[in-house]
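Asks: here is a sequence with its predicted model. Questions after.
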Amino acid sequence: MIRPTAFFLVLLVAVPAGGADLSAPPDPLVFRDGRPVASVDQWRCERRHEILELFRTHVYGRAPVERPADLTFEIVATNEHLLGELAVRQDVAISFSGPGGRFQFHLSLYTPKHATVPAPCFLLINHRARPDRPEPRIDSPYWPVARILGRGYATATFAASEVAPDRRENASAAEGVFPIFDPPGPRAPDAWATIAAWAWAASRALDFLVAQPAIDASRIAVIGHSRSGKSALWAGAQDERFALVVSNDSGCTGAALARGKTGERIADINRQFPHWFCENYCAYGDREDDLPVDQHLLLAAIAPRLLAVGSATDDATADPRAEFRSCVLAGPVYQLLGCADVGTTEFPVPDTALHAGRIGYHLRAGGHGLTEFDWDRYLDFADQQLGAPRKTGSQ
């Protein structure tokens, strides 16, 4: 096994940051007190939990509840005649209550109509939808439903803004799911914010999906683009029921390593989007080296489950090289757990995919966006690593 220190030294030579200063990121296999992780059990039972607690305290905040005791699901509409008889759509109301009252958000689920076995599923955290219409135009490049179904997968989505409004005003903490669970008075510096709320909602959607006979509960992926890609990573790191976690162009405080990053950095993202992260995170603007975590630790917390990261050549804000660095630096944990990692420290050429290990990565030519090319790479990775599903209508 290649030790993490060797990975750091090789990576700094192989993937320069484009002019920003680089310092050594935290070693995923070393505890905060300096002790090395000596075994698989120590990683699983101690170090992984330490990493998640550090992210809750310093970056994303902590959700005040996991699964609500009175969580309910109601299928409010069904349509069996969509996309040329390819799909069955179910609209689901997800409801629960807390000290602040009752709350509801909606999930749309599309399953292959003629499937004879349970289908694996891609759950999209959707920041382009409106609460009154919880998906974009059917079969858009952002969410190509027919393409996904044609590959044998089910797919589901919810409107992130229905769970927590994506507004920078301080008043946003008084809207959406927050007042249902937050205690009265000033918010704690590690209170959850919108990224964490959207991730929490993905787990509540998963609570529904794993109970559906049409869905293969062992093969459910969570996927997000940009800000929702950050939420997908946080959801997948915490909830081990997700078999595959997909981050598309998630950049700063998503897949991209903060130390040495170009483009958008911690100070920038906290200034532009102060409602995305907990108050404690504001202390690390222009002080990335003082942050006790970095994003490769978040990716490592997903191990040994599948992780796919996608970047775009012209997405300078996200910094594709910083996203790739995180994939490489998460590798020692996958190796410790007996899994192949991303497989190289060499930054790939555009429009190629690295799919041989449990960490998949691709670099697409073009700008910031979730495209059919990206979806095809994620579906290819799922086919290869999870096993290709039976195609719709096949025997």
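Replies: Cool, the structure landed. Numbers count the residues shown, from 1 in each chain.

Asks: what separates Trp192 from Leu297, distance-wise?
Replies: Going from Trp192 to Leu297 by C-beta to C-beta, to the nearest Å gives 19 Å. All C-beta spots, glycine's among them, are computed from the backbone N, C-alpha and C.

Asks: er, Val210 actually
Replies: Relative to Leu297, and taking C-beta to C-beta, Val210 is found at 27 Å.

Asks: the two: which has the busier surroundings?
Replies: Leu297 (26 against 14; other C-beta atoms under 10 Å).

Asks: and the more buried one, what does it touch?
Replies: By C-beta atoms under 8 Å, 6 or more residues apart in numbering, the contact set of Leu297 is 26, 28, 51, 54-55, 330.

Asks: and what about it, helix, strand or coil?
Replies: State at Leu297, reduced to three classes by DSSP: H, G, I helix; E, B strand; the rest coil: helix.

Asks: mind starting the numbering at 173 from now?
Replies: OK, 173 is where the count begins now, so the last one is Leu469.

Asks: and the contacts of Leu469, which two are the farthest apart?
Replies: Pairwise distances across the contacts of Leu469 (C-beta to C-beta) peak at 15.3 Å, for the pair Leu226 and Ala502.

Asks: neighbour count winner among those two?
Replies: Between Leu226 and Ala502, Ala502 has the larger neighbour count (other C-beta under 10 Å), namely 29 against 17.

Asks: what's the least confident helix or strand in this protein, going by average pLDDT?
Replies: Lowest on mean pLDDT, DSSP states H and E among the helices and strands of the chain sits helix 176-186, with a mean of 37.

Asks: show me how far whichever helix or strand comes after that one is from its chain's centre.
Replies: Remark: after helix 176-186, the chain's next helix or strand is helix 212-214, criterion DSSP states H and E. Relative to the centre of its chain, helix 212-214 is centred 24 Å away, using C-alpha atoms, centre = their mean, to the nearest Å.

Asks: list the helices and strands helix 212-214 packs on?
Replies: Using 3 or more C-beta pairs under 8 Å, 6 or more residues apart in numbering; DSSP states H and E as the contact definition, helix 212-214 packs against no other helix or strand.

Asks: what about that helix, average pLDDT?
Replies: Throughout helix 212-214, pLDDT has a mean value of 98.

Asks: do you have the helices of the stretch 423-567 of the chain handy? List them.
Replies: In the stretch 423-567 of the chain, the segments counted as helices under DSSP state H, counting those that start in this stretch are 438-444, 467-472, 492-501, 503-508, 544-554.

Asks: buried stuff in the fourth one?
Replies: Pointing back at helix 503-508 there. Judged by neighbour count using 16 or more other C-beta atoms under 10 Å, the buried positions of helix 503-508 are 503-508.

Asks: ditto for the last one
Replies: With burial defined by 16+ other C-beta under 10 Å, the residues of helix 544-554 counted as buried are 545-547, 549-554.

Asks: where does this structure dip in pLDDT?
Replies: 173-194, 302-310, 342-344, 563-567 (pLDDT under 70).

Asks: show me where it has strands.
Replies: 244-254, 259-270, 273-284, 291-298, 326-331, 387-397, 416-420, 478-484, 524-526, 531-536 (DSSP state E).

Asks: in JSON lines: those strands, plus mean neighbour count and distance to Ile438.
Replies: Shown next, in JSON lines, are the strands of the chain (neighbours: other C-beta atoms under 10 Å; distance: least, C-beta to C-beta, whole Å):
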{"stretch": "strand 244-254", "mean neighbour count": "12", "distance to Ile438": "38"}
{"stretch": "strand 259-270", "mean neighbour count": "19", "distance to Ile438": "31"}
{"stretch": "strand 273-284", "mean neighbour count": "20", "distance to Ile438": "29"}
{"stretch": "strand 291-298", "mean neighbour count": "26", "distance to Ile438": "22"}
{"stretch": "strand 326-331", "mean neighbour count": "26", "distance to Ile438": "27"}
{"stretch": "strand 387-397", "mean neighbour count": "24", "distance to Ile438": "20"}
{"stretch": "strand 416-420", "mean neighbour count": "29", "distance to Ile438": "18"}
{"stretch": "strand 478-484", "mean neighbour count": "28", "distance to Ile438": "19"}
{"stretch": "strand 524-526", "mean neighbour count": "18", "distance to Ile438": "27"}
{"stretch": "strand 531-536", "mean neighbour count": "25", "distance to Ile438": "23"}
